[in-house]
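> this one's sequence-less:
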């Protein structure tokens, strides 16, 4: 449904995307992850036909049209990262304009305004909207056509609770209809909740193409558990370090890095060792740490 | 279900017209133009030693200078502002299933309609005042001046499109600065430079240069065309006179002026379409 075929995009001497090859099938929800400047937005914009590839191509739909052709854009709907609208139009006028542009039936205007929780503000000029409301209006416009491909660039970056609900609902609905969703995000919560698959870009290169579970496992393996104990005798620390070699005791806190299984086993070891546990905290690995490892080729 | 191509372009035009009509810049332009046009029609004759209102011919001759000065400035600035929208607006619009040329031409048509309407308010009010006080003599020439004003609007909107095509979603301030430079060069500088250079050239070469300075400068071309229409050759500059001598009559000169203006509308629009089609957003 979306095929990046050796896509490269260069701006001057800066290589924004380098040889990206990735296929997103019908019915898949794929998250494009990566640190700032990794080429996520450039890739998405190339798929939306807004950028001309320096080399390679992006094909959209079946059998696959180059994204730069207007015909290809008929099968997709795109929400830019910082969507904006003319201040002097009302929310309803904006949606109506795009509805007519997409040739969608009139009833959709009210439907999408309601889904985006903007039905009460539809008569107001966009210039009076907050950032979150503008983002929700963008979501309403993106939701107008039932296009087989939905491209969303950091859709939740400025969404409030209503907007998040609308976004999650939209993606779930598209998944149920067998449509394709490709989105970028820095929010692990969005990825965990929505993505079937995760593609990680670092410095313009695809460094990982994982299922969501594989990514969860990788993050979990980079987690740390912190236990506040009354004391940590040497033999107890040695026992924990046999399970988690990176375990350290400092300032009444035992830090135990490792996968969820290792952390669970270490906790059991501490309990059976008789130490009094006064507090417990556990975090999975951070995405930015994972990006660095993936970029460096670390496991 | 997809709407036909023409209607998509007209849809964009309608949207742009609505935006331009609501824009305070268009409203200010309409008000200022109307005040100036009324002022010219009411006071120009007094300034030249008479009293009362000018007739259509004299009002037209006075308004030509105003049109040549104000209309290019308004068209360039408002054109660039409308044709180089913010990044988020441009990205959403240009990701729709409509060709970029249709978006550009649609926006140009909407803007042209809005600015022409704003000018029509000024011309209409002034025309009404003149008609009530002096009758209809010279009204045809006045109508040609109105047409010339619309053509000049189209010319400078087309130039604005060319400037804005490289600035969609970014570099808007730079595009506005370029627009100001274009206005200064087209409206003020070219004639002065041509005159200065011509003064040191042999008469044949000077004459050719002055003719070129009229035909290659849309503001001068419009001014010449309008003055021909109202038989106001007494107000001709050296370039217009050289053109009139070269064509040996008003018809040939008028024809060349129209060709010049139409070329100035078509060529920058085509170049803008080409530039926009290749632009990364």
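Done, it's in. Just so you know, these numbers come straight off a predicted model, no measurement behind them.

> only C-alpha atoms for contact and neighbour calcs from this point on.
OK.

> what does stretch A:53-70 rub up against?
A:1-10, A:19, A:46-52, A:71-73, A:75-76, A:148-149, B:96-99 (CA atoms under 8 Å, 6 or more residues apart in numbering or on different chains).

> neighbours of residue B:42, just the number please.
Using other CA atoms under 10 Å in any protein chain shown, residue B:42 has 21 neighbouring residues.

> how far away is it from chain A?
Distance of residue B:42 to chain A, computed by CA to the nearest CA, to the nearest Å: 36 Å.

> Which residues of the stretch 101-250 of chain A lie near chain B?
Neighbours of chain B within the stretch 101-250 of chain A, by CA under 8 Å from any CA of the partner chain: A:101, A:102, A:103, A:104.

> I'd guessed the second one sits against residue A:146; true?
No - taking contacts as CA atoms under 8 Å, residue A:102 lies outside contact range of residue A:146: 9.9 Å.

> show me the residues around residue A:196 that make contact.
Counting by CA under 8 Å, 6+ apart, residue A:196 touches A:28, A:29, A:30, A:31, A:211, A:212.

> Check for me that residue A:8 belongs to a strand.
Yes - under DSSP: H, G, I helix; E, B strand; the rest coil, residue A:8 falls within a strand.

> Assign residue A:105 to helix, strand or coil.
Per three-state DSSP, residue A:105 ends up coil.

> What are the structural domain limits within chain A?
The record assigns chain A these domain ranges, following automatic domain parsing: A:2-218, A:223-283.

> Just the mean pLDDT for the shortest one, thanks.
Taken as a whole, domain A:223-283 has an average pLDDT of 89.

> Same question for stretch A:87-99.
95.

> re earlier: what is the nearest of the residues of the stretch 101-250 of chain A next to chain B to chain B?
residue A:103 (4.6 Å; CA to the nearest CA).

> Can you pull the phi and psi angles for that closest one?
Dihedral pair for residue A:103: phi 70, psi 40, per degrees, to the nearest 10.

> In chain B, what residue comes closest to chain A?
Ranking the residues of chain B by distance to chain A (CA to the nearest CA) places residue B:88 first, at 4.1 Å.

> residue contacts, the nearest residue to that residue once chain neighbours are set aside?
Nearest residue to residue B:88, sequence neighbours excluded (CA to CA, 6 or more residues apart in numbering or on different chains): residue A:83, at 4.1 Å. Neighbouring residues of residue A:83 by CA under 8 Å, 6+ apart: A:134, A:135, A:138, B:87, B:88, B:89, B:91, B:92.

> possible to save the residues you listed as a markdown table with secondary structure and distance to residue B:30?
What follows is these, written out as a markdown table (DSSP: H, G, I helix; E, B strand; the rest coil; distance: CA to CA, whole Å):
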| residue | secondary structure | distance to residue B:30 |
| --- | --- | --- |
| A:134 | helix | 31 |
| A:135 | helix | 34 |
| A:138 | helix | 33 |
| B:87 | helix | 29 |
| B:88 | helix | 29 |
| B:89 | helix | 26 |
| B:91 | helix | 31 |
| B:92 | helix | 31 |
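
> Output those residues as CSV; include the columns neighbour count, pLDDT and distance to residue B:135.
Shown next, in CSV, are those (neighbours: other CA atoms under 10 Å in any protein chain shown; pLDDT from 0 to 100; distance: CA to CA, whole Å):
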residue, neighbour count, pLDDT, distance to residue B:135
A:134, 22, 92, 55
A:135, 27, 91, 58
A:138, 28, 93, 56
B:87, 21, 87, 52
B:88, 18, 90, 53
B:89, 19, 92, 50
B:91, 26, 93, 53
B:92, 24, 95, 53
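
> Out of these, flag the one nearest to residue A:274.
Lowest distance from residue A:274 to the contacts of residue A:83 (CA to CA) belongs to residue A:135, with 53.4 Å.
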